[in-house]
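**Student:** Need coordinates for the below:
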Amino acid sequence: MSSPDSNATHISGRTLSLFDLILIGCGATFGSGWLFAASPVATMAGPGAMIGWLCGGIIALLLGLIYSELAAALPLTGGVARYPYLSHGSFLGFMVGTVTIIAFSSIVSIELVAARQYACTWFPFLGAPGGGPSAVGWLVQFLVLCAIYWLNTSNAK
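**Tutor:** Next up is the predicted model:
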C-alpha cells in the first residue's frame, strides 16, 4: 500500500500532489481565447470550423504529449525555454525564452480583459458602448491586477 505522498512531487520544500500538477497543467492550457474565437470563426467558416477545431485539438494534444515526454526525460526548471536551448543552441534558446517572457507577462492582462467582458453580462457598467472598458471597468481591471500582483509577490519565498 502506498503512502498518501507517493504521487507527490517535492519542489523547494513544498509538495505538489498529482492532482495539483494536473490542475497546473489545465490552468496553463485553458484560456479565454478559444471562447472568444469560436463566434467569429463559425461566422466565417460555417460548419467547416469544426474541422479546424478538430485539427487544432489534435495539434495541441500532440504538443502536450511532446512536452510531457520532454519533461519526463529532462525534468528541468523553465523547460519551455531550456529544451530549445539544449536541442538547437543558445540563440534559439534566447529567442524562445524572450518570446515566453513576453507571452507570460501579457497573458494576465489579456485574461483580465476577457473576464471583464464576461462580467459585462451581469454588470453592464463595466463596459463602454463600443465594447471597450468604461472608466469603472478600467478601475476594476487595475484593482484585480494589483490584487493578483500582491497575491503572487506576498507568497513568493
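**Student:** burial count for Gly64?
**Tutor:** 12 (other C-beta atoms under 10 Å). The C-beta positions use only the backbone N, C-alpha and C, and glycine is treated the same way.
**Student:** low-scoring stretches of this protein, by residue?
**Tutor:** 1-14, 28-30, 34-35, 156-157 (pLDDT under 70).
**Student:** all strands for it, in order.
**Tutor:** Counting by DSSP state E, the chain has these strands, from start to end: 9-11, 14-16.
**Student:** ok, for Ala71, nearest residue in space, not its chain neighbours?
**Tutor:** Gly79 (5.8 Å; C-beta to C-beta, 6 or more residues apart in numbering).
**Student:** any idea how far that neighbour lies from Leu63?
**Tutor:** 13 Å (C-beta to C-beta, to the nearest Å).
**Student:** who has more neighbours, those two?
**Tutor:** Remark: of Gly79 and Leu63, Gly79 carries more neighbours, 14 against 11, as counted by other C-beta under 10 Å.
**Student:** The more buried one against Tyr67, yeah?
**Tutor:** Yes: counting by C-beta atoms under 8 Å, Gly79 does reach Tyr67; the two are 7.3 Å apart.
**Student:** Okay, buried residues for the longest helix anywhere in the chain please.
**Tutor:** Longest helix of the chain, by residue count under DSSP state H: helix 90-119. Of all the residues in helix 90-119, those buried under the rule 16 or more other C-beta atoms under 10 Å are Gly93, Val96, Gly97, Leu112, Arg116, Gln117.
**Student:** ok, the second one - contacts?
**Tutor:** Val96 is in contact with Val80, Ala81, Pro84, Tyr85, counting by C-beta atoms under 8 Å, 6 or more residues apart in numbering.
**Student:** Pull the number of nearby residues for the spatially closest residue to Leu126 that is not a sequence neighbour.
**Tutor:** Using C-beta to C-beta, 6+ apart and skipping residues adjacent in sequence, the residue nearest Leu126 is Gly137, 3.9 Å away. Using other C-beta under 10 Å, Gly137 has 20 other residues around it.
**Student:** try Pro133
**Tutor:** 20.
**Student:** I'd say it and Gly127 touch.
**Tutor:** Yes: Pro133 lies in contact with Gly127 (C-beta under 8 Å); the separation is 6.3 Å.
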